[in-house]
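Q: With the input below, show me the fold.
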Amino acid sequence: MTTKTNKMTHYRWAICAMLFLATTVNYMDRQVLSLTWKDFISADFHWDDNDYGNITSIFSLFYAFISLFAGGFIDWMGTKKGYIWAIVVWSLGACLHAACGVVTMWITDIPSEEALRAVQAGSKLALIVSSISVYLFVACRIVLAMGEAGNFPAAIKVTAEYFPKKDRAYATSIFNAGASVGALAAPLTIPVLAKHLGWEMAFIIIGAIGFIWAGLWVFMYSKPSESKHVNPAELAYIESDKDHQEEEKEVASTSTEEIKLSLLECFKYRQTWAFITGKFMTDGVWWFFLFWAPAYFSELGYPSSSGMGQALIFVLYLIVTVLSIYGGYLPRLFVEKMGMNPYAGRMRAMLIFAFLPIFAMFAQPLAEVSPWLPCIIIGLAGAGHQAWSANLYSTIGDMFPKSAIATITGIGTMFGGLCSYAINKGAGVLFVFADEQGSAFRFLSAEGKPAGYMIVFCYCAVAYLIGWIIMKILVPKYKPITK
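A: Next comes the predicted model:
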């Protein structure tokens with residue numbers, strides 16, 4: 001009987017698996033539009049690139065804005081209810097996209113989809129259809145953004161509740177890999193659904209997965225101290241940070257875990273600005289790779305509709321998925337083998353990961369040798385980002401009370417979203433300009449549009465090192481918030 005009592009359960013990893021699934025669904029719901037608009041939706045609503053650009057840019061800006069408040073909402077609602085609200089709202093937003101066609105036909109008094117497609121391109125009616133449908137899709141994207149902005153604040157808060165500090169980066173890297181898996185699974189599933197069942201069903205089927213997740217979360221989640229699936233041995237491991245001498249002093253003198261911080265108070269601390277810096281400098285790099293890698297390979301002569309183009313994207317995200325998970329394990333080695341405190345171990349690991357994206361500056365020159373070389377290089381840079389991101393998120397739990405973790409995550413996510421908007425919008429403008437200038441536009445050894453890619457790749461290469469240096473200046477050593 002004693003042996004059974006002392007044997008540790010591992011329910012925290014079941015919770016981590018749920019976070020992984022939620023993040024995967026989060027990214028798939030976000031990508032349904034990007035994978036269906038060109039080949040399936042634009043013919044119905046007579047969209048051009050500018051219409052699609054307006055929808056995605058408004059989504060990015062609203063996502064960044066709502067992220068500022070999403071973390072505070074999760075902290076206020078609590079992890080269980082807050083996460084359910086987030087995923088139900090974004091799943092509803094995802095499914096609502098399917099109704100845009102019906103509503104557009106009702107408003108314009110067009111009797112059928114065939115009649116909708118038959119509207120003469122360039123006519124006044126086509127312009128009306130295009131405008132109304134864009135407004136409807138924007139409304140759906142806003143609902144989607146409202147819910148999706150809550151995913152990472154909630155997931156980081158759960159990780160802080162279920163894992164000791166030394167394991168948080170590893171757990172975060174696992175659930176954060178859902179972003180890569182979602183990006184990997186989406187091109188393999190969504191176009192197939194749209195082709196055989198219609199683009200509306202693609203939105204509904206992928207969106208419905210979130211409702212199933214919410215049902216499971218109701219029964220699976222409760223705080224570790226209240227969970228019937230967590231035995232005393234596992235609970236003791238989860239709360240093992242309290243055994244550290246530094247933690248004992250904190251609890252005895254300041255009751256750090258009971259500190260409450262308002263949204264405005266969070267901005268008074270250097271630790272907040274260090275996290276903001278890490279997100280603002282680097283999030284745009286990941287989103288650039290996510291949004292522009294297919295277009296880049298298409299420029300090399302391998303469109304995503306070709307077998308070679310699909311293979312390149314698949315291998316790229318396979319590299320990201322596999323390597324990024326192990327990246328989260330590195331700080332644990334520093335903590336356990338070298339005796340570093342969790343924050344110092346995390347910063348050491350982040351410095352190592354900051355060097356991986358440097359190879360991105362060679363992607364464009366080596367593309368002339370083989371498309372597999374930029375594929376591998378971008379994959380390594382993406383893996384470096386995901387490993388960096390997992391550790392960056394975990395620095396919040398190192399220094400902030402649990403009551404403020406989701407709020408701080410939301411603040412950083414907002415600044416990361418602003419950077420993502422700036423880089424991707426700027427990249428589009430740069431590429432158009434470079435293409436128009438042709439050989440007159442040069443950067444290093446490239447000219448024309450390749451020179452534009454070269455500029456962005458160079459930023460991606462140095463962003464992490466610059467971010468790490470600024471973070472280190474702001475918070476040179478472990479310093480928890482004690483108010």
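
Q: Give me the buried stretch members for the strand or helix carrying residue 390, please.
A: Per DSSP states H and E, residue 390 falls inside helix 372-399. Under the neighbour-count criterion of 16 or more other Cβ atoms under 10 Å, helix 372-399 has 373-399 buried. No exception for glycine: its C-beta is placed from N, CA and C like everyone else's.

Q: How about the contacts made by the nearest residue to residue 373 once chain neighbours are set aside?
A: With sequence-adjacent residues excluded and distances taken as Cβ to Cβ, 6 or more residues apart in numbering, residue 373 is closest to residue 366, at 4.0 Å. Counting by Cβ atoms under 8 Å, 6 or more residues apart in numbering, residue 366 makes contact with 373-374, 377.

Q: Which residues are in contact with the residue nearest to the spatial centre of the chain?
A: For the chain, residue 179 is the residue whose C-alpha lies nearest the centre (Cα atoms, centre = their mean; 5.8 Å). By Cβ under 8 Å, 6+ apart, residue 179 lies in contact with 23-24, 26-27, 386.

Q: Pull up the gap between the residue nearest to residue 373 and residue 359, please.
A: Distance, residue 366 to residue 359, by Cβ to Cβ, to the nearest Å: 9 Å.

Q: Which neighbours do these two have in common?
A: Common neighbours of residue 366 and residue 359 (Cβ under 8 Å, 6+ apart) are residue 377.

Q: List of residues touching the helix or strand where residue 125 lies?
A: Per DSSP H and E: residue 125 is located in helix 124-148. Helix 124-148 has contacts (Cβ under 8 Å, 6+ apart) with 26, 29-30, 33, 44-47, 51, 54-56, 58-59, 62-63, 66, 85-94, 96-97, 100-101, 103-104, 107-108, 110, 116, 119-120.

Q: helix or strand right after it?
A: Assignment by DSSP H and E places the next element after helix 124-148 at helix 151-162.

Q: Now the next helix or strand after that following helix: buried residues?
A: Sequence order places helix 165-197 as the next helix or strand after helix 151-162, per DSSP H and E. Using 16+ other Cβ under 10 Å as the test for burial, helix 165-197 gives 165-187, 189-191, 193-194.

Q: Distance of the closest residue in space to residue 383 that isn't next to it in sequence relative to residue 411?
A: Of all residues not flanking residue 383 in the chain, residue 323 sits nearest, at 3.7 Å (Cβ to Cβ, 6+ apart). Using Cβ to Cβ, residue 323 is found at 28 Å from residue 411.

Q: In terms of neighbours, single out the busier of these two.
A: Per other Cβ atoms under 10 Å, whichever of residue 323 and residue 411 has more neighbours is residue 411, with 27 against 20.

Q: list the contacts for that one?
A: 67-68, 71, 263, 266-267, 272, 275-276.

Q: Closest to residue 233 out of those residues?
A: Lowest distance from residue 233 to the contacts of residue 411 (Cβ to Cβ) belongs to residue 71, with 31.9 Å.

Q: Name the nearest residue to that closest one, sequence neighbours excluded.
A: residue 410 (2.5 Å).

Q: Pretty sure that neighbour sits against residue 64.
A: No. Residue 410 lies out of contact with residue 64 (Cβ atoms under 8 Å); the separation is 10.3 Å.

Q: okay, those two: which has more neighbours?
A: The neighbour comparison of residue 410 against residue 64 (other Cβ under 10 Å) goes to residue 410, with 27 against 21.

Q: Check which helix or strand that one maps to.
A: When elements are assigned from DSSP H and E, residue 410 belongs to helix 405-437.

Q: Of all the residues in that helix, which ones are buried?
A: 405-421, 423-425, 427-428, 430-431, 434.

Q: Give me the contact list for stretch 315-329.
A: Residues from elsewhere that reach stretch 315-329, judged by Cβ under 8 Å, 6+ apart: 169-174, 176-177, 180-181, 183-184, 293, 349, 353, 372, 375-376, 378-380, 382-388, 390-391.

Q: make it 7 Å
A: For stretch 315-329, the external contacting residues (Cβ atoms under 7 Å, 6 or more residues apart in numbering) are 169-170, 172-174, 177, 180-181, 183-184, 293, 353, 375-376, 378-380, 382-383, 386-387, 390-391.

Q: low-confidence ranges in the chain?
A: When residues are selected by pLDDT under 70, those of the chain lie in 1-6, 49, 241-259, 304-305, 327-328, 483.

Q: can you pull out the strands in it?
A: 442-443, 446-447 (DSSP state E).

Q: Including distance to residue 329 and mean neighbour count, could those go into CSV?
A: As requested, the strands of the chain are arranged in CSV below (distance: least, Cβ to Cβ, whole Å; neighbours: other Cβ atoms under 10 Å):
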stretch, distance to residue 329, mean neighbour count
strand 442-443, 38, 15
strand 446-447, 37, 18
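
Q: Among the contacts of residue 411, which lie within helices?
A: Residues of the contacts of residue 411 located in helices (DSSP state H): 67-68, 71, 263, 266, 272, 275-276.

Q: Select from those residues the one having the most neighbours.
A: In these, the most neighbours by other Cβ under 10 Å go to residue 71, 31 neighbours.

Q: what's the burial count for the closest residue to residue 209 other than its chain neighbours?
A: Nearest residue to residue 209 in three dimensions, chain neighbours excluded: residue 25, at 5.1 Å (Cβ to Cβ, 6+ apart). With neighbours defined by other Cβ under 10 Å, the count for residue 25 comes to 26.

Q: Report the contact partners of residue 25.
A: Contact analysis of residue 25 by Cβ under 7 Å, 6+ apart lists 209-210, 213.

Q: go with 10 Å
A: Neighbour list for residue 25: 87, 90-91, 94, 148, 151, 178, 182, 185, 206-210, 212-213 [criterion: Cβ atoms under 10 Å, 6 or more residues apart in numbering].

Q: In PyMOL, how would I select the buried members of the residues you listed?
A: A single PyMOL command selects the buried members of the contacts of residue 25 (16+ other Cβ under 10 Å):
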select buried, resi 87+90+91+94+148+151+178+182+185+206+207+209+210+213
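
Q: sorry, back to before: as TSV, the contacts of residue 366 with distance to residue 286 would be great.
A: Shown next, in TSV, are those (distance: Cβ to Cβ, whole Å):
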residue	distance to residue 286
373	20
374	16
377	15
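
Q: ok, so of these, who is nearest residue 280?
A: When the contacts of residue 366 are compared against residue 280 (criterion: Cβ to Cβ), the nearest one is residue 377, at 23.8 Å.

Q: close enough to count as contact, that closest one and residue 370?
A: No. The criterion here is Cβ atoms under 10 Å, and residue 377 misses it with residue 370 at 11.1 Å.

Q: ok, residue 200 touching residue 206?
A: No. Using Cβ under 10 Å as the test, residue 200 is too far from residue 206 to be in contact (11.4 Å).

Q: what sits in contact with each of the two?
A: By Cβ under 10 Å, 6+ apart, residue 200 and residue 206 have these common neighbours: 95, 97, 193.

Q: Tell me the spatial nearest neighbour of the last one, not counting adjacent residues.
A: It refers to residue 193. Once flanking residues are discounted, residue 193 sits nearest to residue 202: 4.1 Å by Cβ to Cβ, 6+ apart.
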